[in-house]
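Asker: This is the structure alone, sequence omitted:
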């Protein structure tokens, strides 16, 4: 389970991250609204824990932006704004739950578990971009009726791209998302695995449009 935590209180951010990781969650963090929104747009997180009051934009705005982009990742507001007015506004903005500060960490965990159970019933088992289908249960790709076997890293990389087609990921973002737990990964690893994917997804299908693109100076995308 991968959680994105968007919170500008550095001490609280570190405390929640440490607590979640202790019980087995993978945690990405962002201490500002703009960086948090960019991370959330990747579509790689199972749940977003979002503060309302952020220095550069509001959590409400982030929530609305994500829903307008049809990003359905569950959002839990975690905020000091406890009035009914804010609770209603947060839920109307597209949030799935609302927890006020101060809070008991056990309650936060319970709410995350509840959101996780809810998502198991609605999460898509396949992703599709043009004629490429990614079967998340069987962990393989299918193009033109041909099944394409993928290594674990190839699958993770392709799944990331297909979650948000057209979004350009920098090399640094891909290293953070796909190889975040591995300290000794070389920067050239991304280029190597992009080549692996192209060899499987694009090169055998010369009569079809290519899907994986390099955006020079920015990164990579699928479209």
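Answerer: Thanks, I have it. Since this is a predicted model, take the numbers as computed values, not measurements. Numbering: from 1, shown residues only.
Asker: Give me the distance from the helix or strand hosting residue 89 to the chain's centre.
Answerer: Using DSSP states H and E, residue 89 maps to helix 84-92. Put simply, helix 84-92 sits 24 Å off its chain's centre (Cα atoms, centre = their mean, to the nearest Å).
Asker: Give me the mean pLDDT for it.
Answerer: Averaged over helix 84-92, pLDDT sits at 95.
Asker: And that helix, what's buried?
Answerer: 86, 87, 89, 90 (16 or more other Cβ atoms under 10 Å). Quick note: C-beta positions are derived from backbone N, CA and C, even for glycine.
Asker: The closest residue to residue 170 other than its chain neighbours: neighbour count?
Answerer: Using Cβ to Cβ, 6 or more residues apart in numbering and skipping residues adjacent in sequence, the residue nearest residue 170 is residue 219, 4.0 Å away. Residues within reach of residue 219, counting by other Cβ atoms under 10 Å, total 18.
Asker: from here on, count from 18
Answerer: Renumbered: residue one is now 18, and that last one reads residue 236.
Asker: quick one: residue 236 and residue 227, what's the gap?
Answerer: Distance, residue 236 to residue 227, by Cβ to Cβ, to the nearest Å: 16 Å.
Asker: Correct me if wrong: the residue nearest to residue 187 contacts residue 192.
Answerer: No: with contact defined as Cβ atoms under 8 Å, residue 236 does not reach residue 192; the gap is 10.9 Å.
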